[in-house]
Structures are given as structure tokens and as C-alpha cells.
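S.K.: The sequence and its predicted three-dimensional model are supplied below.
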Amino acid sequence: MRIDLHTHSSASDGTDTPGDLVREAAAAGLDVVALTDHDAMSGWAEAQQAADEVGITLVPGLEISTRFRHRGVHLLGYLPDPTHPSLVDELDRILEGRTARTPAIVAALREHGIDISEEDVRRESGGSVAAGRPHVADALVRSGVVADRTEAFATLLSPGQAGYVNRYASALEDMIPLVAAAGGVTVVAHPWGRGSRSVLDAEALAGLKDLGLAGIEVDHQDHAPAARAELRAIARELDLVVTGSSDHHGLGKVDHDLGVNTTEPEQYERLMSLASRRLDG
Ligand code: AMP
Ligand code: ZN
Ligand code: FE
Ligand code: FE
């Protein structure tokens, strides 16, 4: 059984529609795929329909923008009730922060002499409710300012650079219990990716486990082999579920092909059993 628990569609900043993503997952030989768009559950219905058609299991999820010790942390949530009022309210706050950030980034880039418009970005974000920097990157590619998303993040869109603007994110310590209250389970995404290792050390992870955290994503392309080994040891020590996933973004991110990392079936079963809501069927 091949299980990939972290993917993005055009409901956020992936380039495949939710339906295409699920069909590609089946073609890639996956039996289970989780759709985890940034701060959004709007792709679930289309993905579920495709999953029913091709006969694979869809785990409905999302990747929530949170803050912990003044640093951004991505929190994967699986199976929450998509109508839970407090969860919906909090996600709306995050999405509003995303929407408000786009004009601020455009203004900062224009100040820097780069001539792009909000309309250029909106064309790229299309049907997504979660406007993000990757959409700005796509607009910059189309305007010929950079060659690809990677160059946009390397030169203009990361903290300290001309086009970087901060946005609202929820407190991690509040979001873990909130997803649980909505019937779901949580897993910290790429905990040691991009220099966040010092933030989420073993002691911090132990505290998060006390708040209800179910697991950590260990096998992720942002983690070198040594980091994976250390994280696996911490997970064993703390009795946290270990997941592995692609963090697929379609054409938007290289080296993140569907199934490039996978989750062990026993870990997946345990994760699902820790949610109070159940997968359909
Ligand atoms: P945002 O959600 O707007 O803060 O943007 C963060 C998103 O940008 C995440 O989904 C990352 O996967 C993506 N991202 C960050 N760095 C890069 C990169 N170098 N190339 C492509 N995508 C990136
Ligand atoms: Zn993304
Ligand atoms: Fe992430
Ligand atoms: Fe992701």
C-alpha cells in the first residue's frame, strides 16, 4: 500500500486541479492520497469525486499557516469537520491575511522597479481562495522578471528581500486543539525544513504532543537523511506518528513528485484512528 499524505492543488498553490491531482496519484500507483491545500478545504469535493471514479482513498486535509516562537510553522490537519464554526472562522482570518498581502507585495515590488499588477497575480491564482507568494512568482515568470518560482523565492519573495511581506498566521498552540475539536488530527509539516530546526526541538515537540499533536512529517524533501534519522528517534521517544509525503505542487516545485516519500501503512492507520471523525466508506 502506497500512501502520500501531503499534496497541493490549484485550490491553493499547486498547478493541478484537485481532480487531476487525484487521477495523477492513481496513475503514480498510490492507494491513498491526502489533499492538503494551504488554509483551504475547497478542493475536497472535486478530489473526492475523482477518487471515487479511479478507486483510490482520498484523505481530506489541509496545511494550516501557524506561528510558533515567532516563526512560521505549517500544520497538517486531517479529517476535520469542514463546517466547524471556530475552525472556519480562524481559516477565514488567515485567508483574509493572504488576500490583503497581495497588493502589499505588488506595491513593494513596484517600489523596487518591478512592473507587475494585482491583476497579473490574480490571473495566476485563478480559482484559488488562498492567494500566495507562488502566484506572485508565477506572475513574475510570465513577465520575464525571473525564470521560475525557485528564482523568485531566491531573489525577491523571501524574508529580507524586496518583495517580502508578512501575513497573519494562527498560534500553533491554539490550532492543534482547534483541529482536534473539529474532529481531526494534526501533524507538523517538514518540522526541520528551511532552518526551522532550532524552533521545533525535541522539547518543543513534547509540549505540542501534550496539546494533542498526533505526529510529525519525517520523510520530506526538505529533510536530509541525518535530520530524518534524528526526527524518527524523537518521534519514537515521544510516541508520535511518523509520516512521509511528497508535498507535491504539480509543476510548481521540482523534486516533489507524487509518492517521492510515503507513509508506512501502520503509521497511517494509527493516525486515522487518532481522529474522532472517520473516513467515509
Ligand atoms: P505563502 O503561502 O504565500 O507564504 O508561500 C509559501 C509557499 O511557497 C509554500 O507552499 C512553499 O511550498 C512555496 N515555496 C517556498 N519556497 C519555494 C521555492 N523556492 N520554490 C517554489 N515554491 C516555494
Ligand atoms: Zn505551497
Ligand atoms: Fe509547507
Ligand atoms: Fe505543503
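M.R.: Done, it's in. Numbering: from 1, shown residues only. Ligands and ions are numbered 1, 2, ... in the order given.
S.K.: before we move on, what SS does residue 83 have?
M.R.: coil (DSSP: H, G, I helix; E, B strand; the rest coil).
S.K.: roughly how far apart are it and residue 183?
M.R.: The gap separating residue 83 from residue 183 is 11 Å, by CB to CB, to the nearest Å. Heads up, the C-betas are built off the backbone N, CA and C, glycines and all.
S.K.: So which bits of this structure are right by ligand 1?
M.R.: 13, 38, 132, 133, 134, 149, 150, 153, 253 (CB under 6 Å from any ligand atom).
S.K.: Just the element for residue 53, please.
M.R.: Element membership for residue 53 (DSSP states H and E) is helix 44-54.
S.K.: Show me which of residue 83 and residue 183 is the more surrounded one.
M.R.: Using other CB atoms under 10 Å, the more surrounded residue of residue 83 and residue 183 is residue 183, with 15 against 9.
S.K.: what's the closest non-adjacent residue to that one?
M.R.: Of all residues not flanking residue 183 in the chain, residue 277 sits nearest, at 3.6 Å (CB to CB, 6 or more residues apart in numbering).
S.K.: now residue 94
M.R.: Per CB to CB, 6+ apart, closest to residue 94 is residue 39, 4.7 Å.
S.K.: how much space is there between the one you found and ligand 3?
M.R.: Distance of residue 39 to ligand 3, computed by CB to the ion, to the nearest Å: 11 Å.
S.K.: residues contacting residue 64?
M.R.: Residue 64 is in contact with 38, 39, 74, 75, 76, 77, 91, 94, 170, 175, 179, counting by CB atoms under 8 Å, 6 or more residues apart in numbering.
S.K.: okay but the third one is in contact with residue 191, surely?
M.R.: Spelled out, it's residue 74. No: with contact defined as CB atoms under 8 Å, residue 74 does not reach residue 191; the gap is 9.0 Å.
S.K.: Settle it for me: which of those two has more neighbours?
M.R.: More crowded of residue 74 and residue 191, by other CB under 10 Å: residue 191, with 26 against 23.
S.K.: Test my guess that the more buried one contacts residue 231.
M.R.: Yes: the pair residue 191 / residue 231 is scored as a contact, 6.7 Å apart, by CB under 8 Å.
S.K.: Scan the residues of the chain next to ligand 1 and report the most crowded one.
M.R.: Counting neighbours by other CB under 10 Å, residue 13 leads the residues of the chain next to ligand 1 with 26 neighbours.
S.K.: which stretch of helix or strand covers residue 58?
M.R.: In this assignment (DSSP H and E), residue 58 forms part of strand 57-68.
S.K.: Tell me which helix or strand comes right after that strand.
M.R.: The first helix or strand that comes after strand 57-68 along the chain, using DSSP H and E, is strand 71-78.
S.K.: Please, where are all the strands along this structure?
M.R.: Here the chain has its strands, by DSSP state E, at 3-4, 32-38, 57-68, 71-78, 170-171, 185-188, 215-219, 241-244.
S.K.: now the second one against helix 44-54, angle please.
M.R.: Using axes from the mean of the first three to the mean of the last three CA atoms, to 10 degrees, the direction of strand 32-38 lies 160 degrees away from that of helix 44-54.
S.K.: Enumerate every residue touching the residue in the chain positioned nearest to ligand 4.
M.R.: Ligand 4 sits closest to residue 247 of the chain, with a gap of 4.4 Å, by CB to the ion. Going by CB under 8 Å, 6+ apart, residue 247 touches 6, 7, 8, 189, 190, 220, 221, 222, 253, 256.
S.K.: ok so, going back, right, and out of the residues of the chain next to ligand 1, which lies closest to ligand 3?
M.R.: Among the residues of the chain next to ligand 1, and counting by CB to the ion, the member closest to ligand 3 is residue 38, at 7.6 Å.
S.K.: Run through the chain and note the low-pLDDT ranges.
M.R.: Along the chain, the model assigns pLDDT under 70 to residues 281.
S.K.: Would you map out the domains in it?
M.R.: For the chain, automatic domain parsing gives the domain ranges 3-91+168-280, 97-157.
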